[in-house]
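Asker: This is a predicted model, with the sequence first.
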Amino acid sequence: MLDARRTLKLATPLMLAQLLYMGNGLVDALVAGRLGRQELAAGGIGSGLWFFASLSCIGLMAGLSPTMSQLIGQRRRVIVGSVFRQGLWIGVIAGTCALLATLLAIKTLPHWSLEAELVPLIAEYLLPASLSLPAFAVVMACRNVCEATNNTRGILVVQLFALGVNTLADLAFGLGWFGFPRLGLQGIGMATSMVSVASAIALVFYLRRGSFARFELFSKFEWPRWADIKPMLLLSVPIYLALVFEAGLFTATALQMGMLGTLEAGAHYIAIGITGACYMLPLGLSFALTARIGRVYGRGEYESLKLRVASGMFITVLLAAATASLLVLFRFPLTGLYSSDLELRKFAAQLVALAALFQLSDGAQVAFLGMLRGMKDTKIPMVINAFSYWAIAFAAGYYAAHHLGWGAKGFWGGLILGLSVAAVLLYLRLRARMKQIELELR
């Protein structure tokens, strides 16, 4: 129990920060819902595409935390600053490529078989939102430093600040409050870029103070060095691809909903927003588990490694029970936050009820991924994600939706099945990895 409390002490600010991050999406959805059903559906698809593009910033930065955690565990703190500076170069390149890819996607939207009225609305949001991606990469690099050094409260404070910026900007530019012009989805996209830039500036300022001084993060300028970047990419690229497989599943599902109809797309956007907020809790926990397990793995302490894995699994089960209960009990009031459209709210509530069924498997799979990343095991989990999400979840969902006539509920049934398969396979991989480490340390 003591180790579980220590894990929660580190994880709680991260979980709360992730909830606040989802709060940005909630505010965007609430504002889009006030604009109309079509705007809500288009905003959901557009935000899904933005998130898919941002995965290069998230995934290619994800190797920083376990790398720096292991270095700190080995008392090699002087190297942490150099790793961070090289990671920033990865982030700048990743963010720029993500921006260019998003602009290309906007050009091709008319050929995606979406309902015709949604296409210009999606582009209206996505064009200004895409400009945020380079700054977002800097945010993720800074976050990885905070996680690896156990300084997670700063992430929470900055995320709270970001939510305030996003709320004011959405109201001002999306709905035309405070005397500003009503720009609709374009204003919401502008708010997204403003949030990323403001967060990047705040986190850089935070990392230049206090206990971070010992790591000399900004002590000098360094050009990119392939010899240092290569090992980070070997760790990060499988993480990025695993995220692509998972997010690609949800993005493809959102696009399928757009093909099924505006009602299905809007309801799916609402349900994903609500269940995504629940997912932020085990996701924040997984970040903490990566850092905590990375330290003891770096020191070669197998018993401590087992203890941290066990406490992480215990917390995951508790979180899943809490979020499943929340979704079942409050699904109708929660969907009512997004829209006053009764038909839309009722359909979304049905999807939220289905989401309660995969809370344990979804939480477990992301927690297992965090543990394995702490042990620098990323390639096999990537393969597991690819198989579970596409060969199982999407294939089963597509068949149920289009061939069995289950529509949107068919895709959500596929999600339940795919996430459950992923959780089981990742657990088996974790057991195998633990046995391998035990043999190595004997």
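Answerer: Cool, got the structure.
Asker: remind me which residues of the chain are low pLDDT?
Answerer: For the chain, the stretches with pLDDT under 70 are 1-2, 442.
Asker: Go again with 50.
Answerer: Filtered on pLDDT under 50, the chain yields no residues whatsoever.
Asker: Tell me, how many residues neighbour the nearest residue to Y240 once chain neighbours are set aside?
Answerer: For Y240, ignoring the flanking residues on the chain, the nearest one in space by C-beta to C-beta, 6 or more residues apart in numbering is G59 at 2.7 Å. Any C-beta I mention is one placed from the backbone N, CA and C, and that applies to glycine too. Per other C-beta atoms under 10 Å, the neighbour tally for G59 reads 22.
Asker: what's the answer for A29, then?
Answerer: Neighbour count of A29, defined by other C-beta under 10 Å: 24.
Asker: List the buried residues in stretch 210-221.
Answerer: Neighbour counts over stretch 210-221 (16 or more other C-beta atoms under 10 Å) mark F212, F215, E216, L217 as buried.
Asker: Please apply the same query to stretch 175-194.
Answerer: Neighbour counts over stretch 175-194 (16+ other C-beta under 10 Å) mark 175, 183-194 as buried.
Asker: Same check on stretch 389-404?
Answerer: Residues Y389, W390, I392, A393, F394, A396, G397, Y398, A400, A401 are the ones in stretch 389-404 that count as buried (16+ other C-beta under 10 Å).
Asker: Quick check: closest non-adjacent residue to the first one.
Answerer: Spatially, and ignoring its direct neighbours in sequence, Y389 is nearest to L249 (4.3 Å; C-beta to C-beta, 6+ apart).
Asker: elements contacting whichever helix or strand that neighbour is part of?
Answerer: If you go by DSSP states H and E, L249 is part of helix 226-260. Under the contact definition 3 or more C-beta pairs under 8 Å, 6 or more residues apart in numbering; DSSP states H and E, helix 226-260 sits against helix 37-59, helix 64-73, helix 80-108, helix 262-299, helix 379-386, helix 395-402, helix 408-441.
Asker: picking that back up, got the contact list for the residue nearest to Y389?
Answerer: Taking C-beta atoms under 8 Å, 6 or more residues apart in numbering, we find L249 in contact with Y389, W390, A393, F394, L415, G418.
Asker: I'd like those laid out as JSON lines, including distance to E222.
Answerer: Shown next, in JSON lines, are these (distance: C-beta to C-beta, whole Å):
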{"residue": "Y389", "distance to E222": "37"}
{"residue": "W390", "distance to E222": "39"}
{"residue": "A393", "distance to E222": "42"}
{"residue": "F394", "distance to E222": "42"}
{"residue": "L415", "distance to E222": "43"}
{"residue": "G418", "distance to E222": "42"}
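Asker: out of these, who's nearest L337?
Answerer: Minimum distance to L337 across the contacts of L249 is 22.2 Å, recorded for L415 (C-beta to C-beta).
Asker: In this structure the closest one contacts L357, no?
Answerer: No: judged on C-beta atoms under 8 Å, L415 makes no contact with L357 at a distance of 9.4 Å.
Asker: Compare the two (neighbour count), which wins?
Answerer: Ranked by neighbour count (other C-beta under 10 Å), L415 and L357 place L415 first, with 27 against 18.
Asker: gap between that one and Y398?
Answerer: Going from L415 to Y398 by C-beta to C-beta, to the nearest Å gives 12 Å.
Asker: Identify the farthest-apart pair in the buried residues of stretch 210-221.
Answerer: Greatest spacing in the buried residues of stretch 210-221, by C-beta to C-beta: F212 and E216 (8.9 Å).
Asker: So for F394, what's the nearest residue that isn't a sequence neighbour?
Answerer: Closest to F394 by C-beta to C-beta, 6+ apart is L249, at 5.5 Å.
Asker: cool, T102 as well?
Answerer: S130 (3.9 Å).
Asker: and the one you found, how many neighbours?
Answerer: For S130, the neighbour count with other C-beta under 10 Å is 25.
Asker: Show me the contact partners of stretch 113-121.
Answerer: Contacts of stretch 113-121 (C-beta under 8 Å, 6+ apart): 38-39, 41-43, 45-46, 109-110, 112, 122, 185, 255, 258-259, 261-262, 265.
Asker: May I have it exported as CSV, CA atoms only?
Answerer: Presented in CSV, the C-alpha positions along stretch 113-121 are these (Å, rounded to 0.1, in the frame of the first residue of the first chain):
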residue,chain,number,x,y,z
SER,A,113,-16.8,10.3,-48.9
LEU,A,114,-18.0,12.5,-46.0
GLU,A,115,-21.4,14.3,-46.1
ALA,A,116,-20.9,17.3,-48.3
GLU,A,117,-21.9,19.9,-45.8
LEU,A,118,-19.3,18.7,-43.2
VAL,A,119,-16.3,19.2,-45.5
PRO,A,120,-16.0,23.0,-45.4
LEU,A,121,-16.7,23.0,-41.7
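Asker: List the residues that contact the residue nearest to P134 when sequence neighbours are not counted.
Answerer: Spatial nearest neighbour of P134, chain neighbours left out: G95 (3.5 Å); criterion: C-beta to C-beta, 6+ apart. Neighbouring residues of G95 by C-beta under 8 Å, 6+ apart: S56, C57, L133, P134, A135, F136, A137, V138.
Asker: Thought L99 was touching the fourth one, still the case?
Answerer: What that stands for is P134. Yes: contact criterion C-beta under 8 Å: P134 and L99 qualify, at 6.3 Å.
Asker: on that earlier part again, ok, of the contacts of stretch 113-121, which come out buried?
Answerer: Neighbour-count burial (16+ other C-beta under 10 Å) applied to the contacts of stretch 113-121 gives 38-39, 41-43, 45-46, 109, 122, 185, 255, 258, 262, 265.
Asker: between those residues, which is closest to V237?
Answerer: Among the buried ones among the contacts of stretch 113-121, L255 lies closest to V237 (C-beta to C-beta), at 25.1 Å.
Asker: from what I can see that closest one touches W112, true?
Answerer: Yes: counting by C-beta under 8 Å, W112 is a contact partner of L255 at 6.8 Å.
Asker: Lovely, talk soon.
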